[in-house]
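whatever this is, show me its structure:
(chains A and B)
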2 protein chains.
Amino acid sequence: MHAVATDLDQWIGARWDELDTPAPVIDLNVMEANIARQQETCDRLGLRFRPHIKTHKVPAIAMQQRAAGAQGITTQKTTEAQVFVEAGFDDLIVAVPAIGARKTARLCDLAERATVHAVVDSAEAARGIAQAASVRGVQIGLLIEVDSNAGRAGVQSGEEALSLARCIGDLPGVTLDGLFWYPSREDALPRIAEARAALDGANIPIRVMSGGGTGADALSAKAGATEHRSGTYVFNDMTCVRRGVATLDQCALTVVTTVVSTAVPGFVTVDGGSKTFTNDAPPSGDEGYGQVKDRPGLTLARMNEEHGIVACGAGESRPALGEKLRIIPNHACGCVNLHDVLYGLRDGVVESVWPIAARGTLQ
Amino acid sequence: MHAVATDLDQWIGARWDELDTPAPVIDLNVMEANIARQQETCDRLGLRFRPHIKTHKVPAIAMQQRAAGAQGITTQKTTEAQVFVEAGFDDLIVAVPAIGARKTARLCDLAERATVHAVVDSAEAARGIAQAASVRGVQIGLLIEVDSNAGRAGVQSGEEALSLARCIGDLPGVTLDGLFWYPSREDALPRIAEARAALDGANIPIRVMSGGGTGADALSAKAGATEHRSGTYVFNDMTCVRRGVATLDQCALTVVTTVVSTAVPGFVTVDGGSKTFTNDAPPSGDEGYGQVKDRPGLTLARMNEEHGIVACGAGESRPALGEKLRIIPNHACGCVNLHDVLYGLRDGVVESVWPIAARGTLQ
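The predicted structure follows:
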């Protein structure tokens, strides 16, 4: 729809500070190390790794995750899944329950071309999918979501899991694949175990136990998962750093901005605000909305929609008007979702330019 | 870039609850009343009205604002301005300082086709624009930004305003049009008056005094503005309601969502989260991130990226799985910016489908 999507290859070979700003850029060396490290962790834990593409929404990056050993992908939405099936991915989870005829029809479209696992937490949702699938003559695997104390979806007890599993067992067009939860948390282990025990006690076979969350792989293993899903690990962000699940050196995503005003004492203003970074993960105290790469004294302290106000800490030289600053955002997934194009840098030079193909899609 | 952008006219005549979700929709009767009321207010105050298109990013809506009496438009970014010049708008402000050769080149492109006012707060910015304009043989009007205590940009004193005005007076390709500030605030009146007095004292002619902010029109008049800019008023949002500058009935924008889970006691979950609504304007206390239209007991209490968790207050019946809920967001501008298409409803039926043409553009 946008002029920005035309002639992207013109940027190949440009240095990061030559890009038109604001521009989200990926340090490819860091991203590739993140991909390899996460795969090794899952291999060591005996977990199949199924990356969540919500973070990047770029098929070319998912192909790198697959080449490193990932098996299948996770998507949030049926329309994201469409983009990735179109790009050749043939095994995927759609994580948000697909409710309503339009979404179940899209699940069936996907199931004609790929192995589709849909997540449900109600008999109505399972019946809706089963009805669409049986009319269309496709088969869709269902995962029962267990609420791992995120409080947003999922059955609340072993009894509810068993009741839903029995309902699914009676339906055409769908099969019960197993259990699903997000995130893998210590305090959720008892409920996951209870759900599993209820199904085992009724001799209902479970092939898949699917846990998730960046930094939560060991907890997935502890919960008895067969597979682990995570998304943010591919780029990491300031929230990961503050949570202690990534270091600053492991943050692959930054946004290149330009200093457009130095008029206000103590601050400089860059050409990206909440429409560039999101207002995600508001700070506790004075942590800010992002941090300038390699200059820890420069913090994205406040934002308006298109203005980012960078505080200059003591001992940090004040950036000049026109200077380019690379800012690590609080939340990689939300930040990428605001842009149309992602630039891949090798040693500071653009090597890849990717349309963010699954951005802006419906559920 | 996206499949969603094809065949938009299929939705004309659909009822709001037939739309694929999540879907941002505009109540056209409410929007048209907002446009008329704001224009009347500015007319009464003797202010030229220059709407800010950052809220909707849709040329067809700006045409309605113009038809109601608006003179010129305000944009944040050179690339937004490109979309609107392409659509036939011929008088515009670019509000974020244009720093660097790419942005000043775009200003010159615009100036070949329209009357362009660029906002500056430094001699370097003015010189960059002047150099580009004189090489290209175009004329660009400059507005000196005065910091009205937003602390993001703008000269800090009358002395700085005068120094910058004198610098501009010596430059080719640019003319000094006047002063600019955002927002119009009571506590900023002394600095605006000081800047104006400094220029008057030096016999520097000022044609334009440009103030802004939804609900701040009277303060613009009080500050001696010749024109007023505002954007959010066209749709309004929960932040406007809480600030007392709009009523719930004056909120034109809602997002149609579907209830996808009712598994968690006390809540229902809809198919839109922070990637649908933004995390903008975090609540003080328990105000939440949005409110269900016509059902004040239902509040968007928490979000993940694609999950919206709606709290069901006492006395409010619990929505059913599959039910469609229209949610008024906290921040209209940020919310619209997340979507590709906006639906205009007349009495609940789709009358217009607009691509959000200037979304996702560079600065």
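
remind me which residues of the stretch 101-250 of chain A are low pLDDT?
Applying pLDDT under 70 to the stretch 101-250 of chain A picks out no residues at all.

just to be sure, residue A:249 is in a helix?
Yes - Residue A:249 forms part of a helix when assessed by DSSP: H, G, I helix; E, B strand; the rest coil.

burial count for the nearest residue to it once chain neighbours are set aside?
Using CB to CB, 6 or more residues apart in numbering or on different chains and skipping the chain neighbours, the partner closest in space to residue A:249 is residue A:30 (7.3 Å). The way it works is simple: take the backbone N, C-alpha and C, and place the C-beta from them, glycine included. A count of neighbours around residue A:30, defined by other CB atoms under 10 Å in any protein chain shown, yields 19.

need the pLDDT of residue A:30.
What the model reports as pLDDT for residue A:30 is 98.

what about it, distance to residue A:252?
Going from residue A:30 to residue A:252 by CB to CB, to the nearest Å gives 4 Å.

wait, the residue nearest to residue A:249 sits on residue A:247?
No - the pair residue A:30 / residue A:247 is not scored as a contact, 10.3 Å apart, by CB atoms under 8 Å.

picking up where we left off before, which residues does the residue nearest to residue A:249 contact?
Neighbouring residues of residue A:30 by CB atoms under 8 Å, 6 or more residues apart in numbering or on different chains: A:249-252.

now do residue A:273
Residue A:273 makes contact with A:303-308, according to CB under 8 Å, 6+ apart.

narrow those residues to those in strands?
Cross-referencing those against strands under DSSP state E gives A:303, A:308.

could you dump the contacts of residue A:273 to TSV with neighbour count and pLDDT?
Shown next, in TSV, are these (neighbours: other CB atoms under 10 Å in any protein chain shown; pLDDT from 0 to 100):
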residue	neighbour count	pLDDT
A:303	25	96
A:304	18	96
A:305	20	96
A:306	24	97
A:307	25	98
A:308	29	98
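
for the contacts of residue A:273, work out which two are farthest apart.
The largest separation in those, counting by CB to CB, is between A:305 and A:308 at 10.0 Å.

do stretch A:91-109 and chain B meet at all?
Yes - for stretch A:91-109, a contact with chain B is found by CB under 8 Å from any CB of the partner chain, at A:95-100, A:102.

what about those, which are in helices?
Counting by DSSP state H, the part of those found in helices is residue A:102.

closest one of the residues of stretch A:91-109 next to chain B to residue B:197?
Checking these one by one against residue B:197 (CB to CB), the nearest turns out to be residue A:96, at 58.4 Å.

tell me the contacts of the closest one?
Contact partners of residue A:96, counting by CB under 8 Å, 6+ apart, are A:76-77, A:119, A:363, B:260, B:271, B:306-307.

by neighbours, which of the residues you listed wins?
Most neighbours among those, by other CB under 10 Å: residue B:260, with 31 neighbours.

so it, which of the three states?
Of the three states, residue B:260 takes strand under three-state DSSP.

what separation do you get for it and chain A?
Distance, residue B:260 to chain A, using CB to the nearest CB, to the nearest Å: 4 Å.

can you give me the distance of that residue to residue B:300?
For residue B:260, the distance to residue B:300 (CB to CB) stands at 14 Å.

could you do residue A:178 as well?
For residue A:178 relative to residue B:300 (CB to CB), the value is 31 Å.
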